[in-house]
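1. Provided below are the primary sequence and the corresponding predicted coordinates.
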Amino acid sequence: MAESRYTALVKRVDDWWIGWVQEVPGVNAQERTKEELLLSLRDALREAIELNREDARGRSQRRRFSAVYVSGEPSQPFQRLSALQAKPLKRLQRPKRALTPG
């Protein structure tokens with residue numbers, strides 16, 4: 001699995017270093033040194049990703065979603081590569097109506 005990269009915006013304000021991760025709202029920190037700030041941001045990011053992952057897993061189990069890995073090129077939109085807990089889709093059928101002469 002490829003490692004994801006995130007952008008930390010950091011700034012020194014008086015005796016403190018403050019920063020946040022641009023791509024993930026709510027991931028921010030404040031420390032006395034830049035090195036401590038970067039470590040705190042990494043920890044906060046790791047926790048946020050894990051919480052989001054747990055939340056998504058819980059929602060998918062309650063709503064009977066299937067996890068499907070996809071890939072695609074603009075000329076060939078999304079091809080199914082594999083599925084976890086895949087269940088067949090039910091086709092919706094319209095009720096049959098008797099035609100009445102009008």
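-> Yes, it's here. Everything quoted here is computed from the prediction, not taken from an experiment.
2. By mean pLDDT, point me to the weakest helix or strand of this structure.
-> strand 76-84 (a mean of 43; mean pLDDT, DSSP states H and E).
3. and Lys11, what does it touch?
-> Trp17, Ile18, Gly19 (CB atoms under 8 Å, 6 or more residues apart in numbering). In short, each C-beta sits where N, CA and C put it, glycine included.
4. For it, name its beta-bridge partners.
-> Ile18 (DSSP bridges).
5. Now do the strands in this structure.
-> Using DSSP state E, the strands of the chain run over 8-13, 16-21, 28-31, 67-73, 76-84.
6. just checking, what packs against the shortest one?
-> Counting contacts by 3 or more CB pairs under 8 Å, 6 or more residues apart in numbering; DSSP states H and E, strand 28-31 packs against strand 16-21, helix 34-62.
7. can you give me the end-to-end distance of stretch 3-13?
-> Using CA to CA, to the nearest Å, the gap from the first to the last residue of stretch 3-13 comes to 31 Å.
8. Flag every buried residue along that stretch.
-> Ala8 (16 or more other CB atoms under 10 Å).
9. what's the least confident stretch among the strands of the chain?
-> Mean pLDDT is lowest for strand 76-84 among the strands of the chain, at a mean of 43.
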